[in-house]
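Engineer: I would like the atomic coordinates for the input below:
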Amino acid sequence: ERDLAEEYGIAYGTARRVVQELRDRGLAITLPGKGTYIQAPEPGPADGGDA
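Structural biologist: Numbers count the residues shown, from 1 in each chain. Next comes the predicted model:
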């Protein structure tokens, strides 16, 4: 989150909220001691997947 804040010129708190929102939507996963990774979204009804 600190790297994101610095790279994009945003406040650290804003970067934390963005990462939390991505986690809440299932688009990111944080592995303790390893970092936060973006993951592919789960297919939903609009994508032809099961709902």
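Engineer: Ramachandran coordinates for the residue nearest in space to the middle of the chain?
Structural biologist: By Cα atoms, centre = their mean, the chain has its centre lying nearest to Leu22, at 3.1 Å. When read as degrees, to the nearest 10, the backbone of Leu22 gives phi -60, psi -40.
Engineer: Quickly list what the closest residue to it other than its chain neighbours is bridged to.
Structural biologist: Among residues not flanking Leu22 along the chain, Ala28 sits closest, at 3.8 Å (Cβ to Cβ, 6 or more residues apart in numbering). From N, CA and C alone the C-beta is placed, and that goes for glycine too. With DSSP bridges applied, Ala28 shows beta-bridge pairing to Ile38.
Engineer: Ala28 is in contact with Ile38, isn't it?
Structural biologist: Yes - the pair Ala28 and Ile38 passes the contact test of Cβ atoms under 8 Å, sitting 5.4 Å apart.
Engineer: which one of those two has more residues nearby?
Structural biologist: Ala28 (16 against 10; other Cβ atoms under 10 Å).
Engineer: Can you give me the distance of the more buried one to Ala5?
Structural biologist: Ala28 is 16 Å from Ala5, where distance means Cβ to Cβ, to the nearest Å.
Engineer: Show me where the protein dips below the pLDDT cut-off.
Structural biologist: 46-51 (pLDDT under 70).
Engineer: if you set the cut-off to 90 instead, what comes out?
Structural biologist: 1, 40-51 (pLDDT under 90).
Engineer: if you go through it in chain order, where are the helices?
Structural biologist: Listed in chain order, the helices of the chain (DSSP state H) span 2-8, 12-24.
Engineer: Quickly compare the ones you listed and say which is most buried.
Structural biologist: Most buried of these by mean neighbour count (mean count of other Cβ atoms under 10 Å) is helix 12-24; its value is a mean of 14.
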